[in-house]
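# The amino acid sequence is not available; the structure is as follows:
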């Protein structure tokens with residue numbers, strides 16, 4: 001229902017703020033981007049503009065444990081409740097050091113309970129009709145907090161708690177369909193996981209993803225993560241490939257994804273995880289959304305759910321852009337129209353690519369996406385991204401589950417507090433003013449937060465041009481990639497090129513920067529021993545994955561599907577197979593390395609030493625083009641032989657995928673293909 005401008009001027013907009021949430025601060029006053037000045041700056045701006053006088057100020061109370069328990073575990077609630085007590089004084093720093101981007105002090109418990117309670121109060125008053133809409137100026141933020149763990153500056157998941165409260169405790173309010181719009185620049189992993197199988201909540205997130213490298217890293221923010229069971233189709237991720245996205249990019253997503261879905265879903269209320277770290281000048285986000293952009297995004301949502309909208313603060317670390325953006329949203333809710341402004345620029349080329357990928361992934365569940373975007377829109381509204389940076393990712397490829405997560409921040413108990421409270425993703429960020437990609441060097445000993453926050457400009461435009469140069473150069477060099485495991489089945493291999501997943505995979509691949517399919521496919525056999533080792537991979541679950549013995553033997557025979565791809569794509573494949581997280585300023589394998597391989601047959605890639613597939617093998621030529629594959633090191637083979645590393649049969653899903661490739665590409669019968677795999681499993685190394 002749309003209200004007239006006259007009605008909107010008298011809109012009942014709730015506003016919630018409590019200075020006690022500033023009690024949560026770093027120990028000893030160390031500098032940190034998530035600090036009390038964030039909400040103080042917002043409140044000063046709102047007061048200066050007379051906003052509180054036009055709003056209904058809400059009384060703040062702490063959330064109750066029983067309500068928080070609808071999304072968080074009892075152990076987690078107990079930790080947050082007690083972390084500020086005197087009995088935790090000696091252990092507080094140690095506990096925080098074991099969490100991902102978290103600090104605690106004597107005021108953390110109070111602030112966390114107030115933040116959750118504030119969002120509940122605002123949401124309940126909008127749902128029951130006491131308010132038309134509301135803004136909750138809260139901290140600490142919430143959308144990264146998992147059911148059993150604080151992370152990413154977040155202690156309790158404020159928005160998730162409020163949504164669950166409406167659904168499960170206040171059913172009489174008839175809020176049966178809740179739309180959560182998360183426009184924070186980081187993916188809200190915690191919120192997604194809490195409602196991943198629940199169709200009563202449509203979770204929508206637009207965020208920087210950078211092919212899985214941007215915080216919180218990994219594949220959770222991929223467009224392929226669309227929900228499961230009853231909730232399939234009700235989880236929508238729009239993952240930016242890079243920074244610098246601005247108003248035009250976000251509004252393109254609103255026009256072609258969010259608004260059509262919202263019309264079809266017809267929510268009863270909208271909760272916005274309102275992070276403002278995609279704003280111009282934010283030190284962690286590197287994007288370019290203006291206050292005008294935020295006000296237009298909000299206005300376009302106000303036509304749904306009879307205008308029942310709650311904005312709950314998440315991120316935002318440039319105090320000026322944060323305060324101005326919240327003010328723009330408050331003014332929009334009060335007056336029913338966006339603030340004065342205009343758009344500049346056009347969406348990036350990659351924006352349209354991402355929009356199309358999201359629509360194609362979800363068109364089975366949302367028929368509105370079955371219609372292709374008009375070609376004239378794509379042609380007329382495209383701007384090329386000026387710098388193609390290298391992939392920096394925490395991949396969920398074939399890596400053992402018990403390895404330390406690459407995006408986690410872990411410290412020994414004797415680290416000082418500066419080391420303890422590193423910002424998101426070790427401040428792997430962009431400088432929003434200059435547009436230069438920047439991040440901290442990946443070092444064994446990370447700098448403290450204060451130094452990192454003030455000096456987070458390590459990768460310059462010159463460095464990014466180097467990244468682009470090697471990619472451009474290697475895109476002109478062809479190689480054959482030899483696959484002998486699940487990648488023998490072409491649809492599985494294309495996951496590494498185009499992104500996504502096939503049946504049996506638990507998590508999607510992010511894909512290569514160049515998504516061009518292979519130019520040719522040929523089958524061969526090679527005199528190397530196939531075997532299966534390791535005991536768990538995040539891609540397939542429990543069981544081993546395929547390796548080749550690096551040393552050849554004329555008595556061995558392994559089938560291999562070889563794909564003609566570019567050397568640039570081979571590098572991206574190598575990065576994904578080894579779950580590399582570095583920002584590589586030079587290729588892992590370049591043309592000079594091929595000359596070395598021709599002479600020496602194999603080469604260890606030092607940059608990813610320790611990865612499962614860091615050993616490159618040269619297997620001859622086909623049509624004058626080198627054939628390369630990747631496998632484990634000779635030292636790993638010795639560990640497999642001795643039992644120091646496990647040799648293990650493959651999981652059923654992995655074996656089935658491998659068999660599909662063998663049956664489609666070779667002349668083996670089903671019985672022969674099964675026998676080939678079983679023989680590889682049964683024979684001792």
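Here it is on my side, so go on. Because the structure is a prediction, the values reported are computed rather than measured.
# Residue 480 and residue 592: what is the separation?
18 Å (Cβ to Cβ, to the nearest Å). All C-beta atoms are positioned from the backbone trio N, CA, C, and that covers glycine.
# So between the two, which is more surrounded?
residue 480 (26 against 9; other Cβ atoms under 10 Å).
# Phi first, then psi, for that one.
phi -100, psi 130 (degrees, to the nearest 10).
# shouldn't it be in contact with residue 564?
Yes. Contact criterion Cβ atoms under 8 Å: residue 480 and residue 564 qualify, at 5.6 Å.
# Report the set of residues contacting both of these two.
Common neighbours of residue 480 and residue 564 are listed as 522, 625 (criterion: Cβ atoms under 8 Å, 6 or more residues apart in numbering).
# Next, name the residue at the spatial heart of the protein.
residue 221 (3.6 Å; Cα atoms, centre = their mean).
# In the stretch 1-150 of the chain, where is pLDDT below threshold?
1-9 (pLDDT under 70).
# where do the strands sit along it?
13-16, 56-57, 133-136 (DSSP state E, counting those that start in this stretch).
# just the stretch 551-685 of the chain next, same as before
558-566, 602-604, 615-622, 625-631.
# Can I get the ones you listed in JSON lines including distance to residue 26 and mean pLDDT?
Converted to JSON lines, the strands of the stretch 551-685 of the chain look like this (distance: least, Cβ to Cβ, whole Å; pLDDT from 0 to 100):
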{"stretch": "strand 558-566", "distance to residue 26": "47", "mean pLDDT": "97"}
{"stretch": "strand 602-604", "distance to residue 26": "42", "mean pLDDT": "92"}
{"stretch": "strand 615-622", "distance to residue 26": "44", "mean pLDDT": "96"}
{"stretch": "strand 625-631", "distance to residue 26": "43", "mean pLDDT": "97"}
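# Make TSV from those and add mean neighbour count and distance to residue 205 to it.
Listed next are the strands of the stretch 551-685 of the chain as TSV, based on neighbours: other Cβ atoms under 10 Å; distance: least, Cβ to Cβ, whole Å:
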stretch	mean neighbour count	distance to residue 205
strand 558-566	22	32
strand 602-604	17	39
strand 615-622	19	37
strand 625-631	22	33
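# Go through the ones you listed and name the closest to residue 229.
strand 558-566 (34.1 Å; Cβ to Cβ).
# neighbouring strands for that closest one, and are they parallel or not?
strand 478-483 (antiparallel), strand 520-526 (antiparallel) (DSSP bridges).
# Tell me which of those strands sits nearest to residue 586.
strand 478-483 (17.3 Å).
# by how many degrees do that closest one and strand 625-631 diverge?
40 degrees (axes from the mean of the first three to the mean of the last three Cα atoms, to 10 degrees).
# Give me the angle between strand 478-483 and strand 615-622.
120 degrees.
# gap between strand 478-483 and the chain center?
Put simply, strand 478-483 sits 29 Å off its chain's centre (Cα atoms, centre = their mean, to the nearest Å).
# Skip ahead from that strand and say which helix or strand is next.
helix 490-498 (DSSP states H and E).
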